[in-house]
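1. could you work out the structure for the sequence below:
(2 chains)
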Amino acid sequence: MSDVNRPDPSDARQVVLALADDELCVGQNLAWWIAVGPFLEEDLALTSISQDELGHARALYGLLGDDIDALAYGRQPHEYRSAHLTELPCRDWGETLVRHFLYDTAESIRWQAFADSSWEALGAVARRALAEERSHLRHASGLLSRLLRTESGCSQLLPLFDQFAPMACELFDVPSGCSSDDLVAGGVMSSPLGDQRAEWQATVDEALAQVGYQPKWPDHKELGSPASGRDGQRSPHFATLHAEMVEVLTIDPSAVW
Amino acid sequence: MKTYEVFLKRPGKDPFTHVGALEAPDDELALSFARDCYARRSEGEQMWVVARSELLVADSVELEMADRSHRHNDGALLRDLRKAGDSPAS
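-> All right, here's what the predicted structure looks like:
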């Protein structure tokens, strides 16, 4: 009887792979800001956060196999599981800030759900990541709440929430065939992804309530559409992002760093 | 933007050391930027961040760089005198 509730280990691996791919894409995109941030401190902060996210990706890929580079860079586009939000280049700093806030708020909730995982190595990665997430959130929330106290901040940032918040819901989707409930039953996660998403939406709503704004959340019945990044459908931005990631490996496949 | 000064302390007996400055719009963001600018590689286990405007600044006239060699005593003169006095040959 107890075997019925045991999660399929491949489900847990699929969910970890999706999380790792999110981290890889966000980390790579944030790294673009090196030397071009709006001011020196922000330039360093974004790229330092980028390194943290790439570190999380590395730790998660490490749970799935020994050849981390092969997992991170060696797959075909349809084998990645990243949410489309993470693939956006966000070359406008306002876009980067809004994505950063939505993403790191979501990530903290997802890590929290893994902190006491029955997959012990995953729990250890999650607990370590949570410590770093605190400073990421302080950075994102600090800048956001400050800018939302200005008129130009509101007029530039709030429309971006309508654009990105619905996309960000995908962060709480699992690849098809995976069951969030089974992962909870097996102790891999402490709460189902639907509950995590509700908690995240409440956090985002609360942050925007100071300016009396509520993003246009999608009806969740619409989620899990066939274009989902979780099922291997890549957004139009992925090809450029991936080409950048593998540039060195393409030139010299035996490169070591 | 305000200017802040950042101090770090490594584990053990080392004292807090000034590591640099940064600009930030408020105290909360100053702490956030200080972590990313100066402690992202775990350079310290404790950090102080203080607004430059809050520092007590000494009057530089009192710190004038005059000749104060008489205050620098490495003990060599005393050592030589004692050596001369203690030697049975003298």
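2. ok, the closest residue to residue A:107 other than its chain neighbours to residue A:81 distance?
-> Distances taken as C-beta to C-beta, 6 or more residues apart in numbering or on different chains put residue A:133 closest to residue A:107, at 6.2 Å, once the chain neighbours are dropped. No exception for glycine: its C-beta is placed from N, CA and C like everyone else's. Separation of residue A:133 from residue A:81 (C-beta to C-beta, to the nearest Å): 21 Å.
3. need the contact list for residue 24.
-> You didn't pick a chain, so chain A it is. A:53-54, A:57, A:72, A:82, A:245 (C-beta atoms under 8 Å, 6 or more residues apart in numbering or on different chains).
4. the intended chain is chain B.
-> Contact partners of residue B:24, counting by C-beta under 8 Å, 6+ apart, are A:41, B:1-2, B:4, B:30, B:32-33.
5. nearest to residue B:56, of the contacts of residue A:24?
-> Nearest to residue B:56 among the contacts of residue A:24 is residue A:53, at 40.5 Å by C-beta to C-beta.
6. so which bits of chain B are right by chain A?
-> B:1, B:22-26, B:28-29, B:31-33, B:35-37, B:40 (C-beta under 8 Å from any C-beta of the partner chain).
7. these, buried ones only, as a ChimeraX selection?
-> Those of those that count as buried under 16 or more other C-beta atoms under 10 Å in any protein chain shown are selected in ChimeraX with:
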select /B:22,23,24,25,28,29,31,32,33,35,36,37,40
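8. the residues of chain B next to chain A in helices, which ones?
-> Applying DSSP state H to the residues of chain B next to chain A, the entries found in helices are B:28-29, B:31-33, B:35-37.
9. I'd like to know how many residues surround residue A:211.
-> Taking other C-beta atoms under 10 Å in any protein chain shown as the criterion, the count of residues near residue A:211 is 13.
10. grab the nearest non-local neighbour of it.
-> Distance criterion C-beta to C-beta, 6+ apart; nearest residue to residue A:211, sequence neighbours excluded, is residue A:148 at 5.0 Å.
11. ok, now residue B:24?
-> Nearest-residue entry for residue B:24: residue B:30, 3.8 Å, with adjacent residues in sequence omitted and distances by C-beta to C-beta, 6+ apart.
12. my guess is the one you found contacts residue B:47. True?
-> No. Applying C-beta atoms under 8 Å, one finds residue B:30 not in contact with residue B:47, separated by 10.7 Å.
13. between these two, tell me which one has more neighbours.
-> Taking other C-beta under 10 Å, residue B:30 and residue B:47 do not tie; residue B:30 has more neighbours (24 against 17).
14. residue contacts, that one?
-> B:2, B:4, B:22, B:24, B:49, B:51.
15. ok, 10 Å please
-> Remark: with contacts taken as C-beta atoms under 10 Å, 6 or more residues apart in numbering or on different chains, residue B:30 is in contact with A:41, A:142, B:1-6, B:22-24, B:49-51.
16. could I get the contacts of residue A:24 as JSON lines with secondary structure, pLDDT and neighbour count?
-> Output for the contacts of residue A:24, formatted as JSON lines (DSSP: H, G, I helix; E, B strand; the rest coil; pLDDT from 0 to 100; neighbours: other C-beta atoms under 10 Å in any protein chain shown):
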{"residue": "A:53", "secondary structure": "helix", "pLDDT": "98", "neighbour count": "28"}
{"residue": "A:54", "secondary structure": "helix", "pLDDT": "97", "neighbour count": "18"}
{"residue": "A:57", "secondary structure": "helix", "pLDDT": "98", "neighbour count": "23"}
{"residue": "A:72", "secondary structure": "helix", "pLDDT": "95", "neighbour count": "22"}
{"residue": "A:82", "secondary structure": "coil", "pLDDT": "97", "neighbour count": "26"}
{"residue": "A:245", "secondary structure": "helix", "pLDDT": "93", "neighbour count": "17"}
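17. just the closest of those to residue A:109, please.
-> For the contacts of residue A:24, the residue nearest residue A:109 by C-beta to C-beta is residue A:53; the value is 15.8 Å.
18. which residues of chain B fall in helices?
-> Along chain B, the stretches classed as helices by DSSP H are B:27-38, B:76-86.
19. got the residues of chain A near chain B?
-> A:39-49, A:51-52, A:132, A:134-143, A:145-147 (C-beta under 10 Å from any C-beta of the partner chain).
20. what about 7 Å?
-> With the criterion set to C-beta under 7 Å from any C-beta of the partner chain, chain A comes near chain B through A:39, A:41, A:44-45, A:48, A:135, A:138-139, A:142-143, A:146.
21. tell me the average confidence for the helix or strand encompassing residue A:145?
-> Element membership of residue A:145 [criterion: DSSP states H and E] is helix A:120-147. The average of the pLDDT scores along helix A:120-147 is 96.
22. any weak-confidence spans in chain B?
-> B:86-90 (pLDDT under 70).
23. mind listing what's buried in stretch A:190-208?
-> A:190-193, A:195-197, A:199-201, A:203-204, A:207-208.
24. only alpha carbons, please: show it as PDB.
-> Taking Å, rounded to 0.1, in the frame of the first residue of the first chain, the C-alpha atoms of stretch A:190-208 are listed here in PDB:
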ATOM      1  CA  SER A 190       6.200  19.900   1.200                       C
ATOM      2  CA  SER A 191       3.300  21.500  -0.700                       C
ATOM      3  CA  PRO A 192       1.700  21.000  -4.200                       C
ATOM      4  CA  LEU A 193       2.700  23.500  -6.900                       C
ATOM      5  CA  GLY A 194      -0.800  24.900  -7.000                       C
ATOM      6  CA  ASP A 195      -0.500  26.000  -3.400                       C
ATOM      7  CA  GLN A 196       2.900  27.400  -4.000                       C
ATOM      8  CA  ARG A 197       1.600  29.400  -6.900                       C
ATOM      9  CA  ALA A 198      -1.200  30.800  -4.800                       C
ATOM     10  CA  GLU A 199       1.300  31.800  -2.100                       C
ATOM     11  CA  TRP A 200       3.400  33.500  -4.700                       C
ATOM     12  CA  GLN A 201       0.500  35.400  -6.300                       C
ATOM     13  CA  ALA A 202      -0.500  36.600  -2.800                       C
ATOM     14  CA  THR A 203       3.100  37.800  -2.200                       C
ATOM     15  CA  VAL A 204       3.200  39.600  -5.600                       C
ATOM     16  CA  ASP A 205      -0.300  41.200  -4.900                       C
ATOM     17  CA  GLU A 206       0.900  42.400  -1.500                       C
ATOM     18  CA  ALA A 207       4.000  44.000  -3.000                       C
ATOM     19  CA  LEU A 208       1.800  45.900  -5.500                       C
END
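25. right, I'll leave it there.
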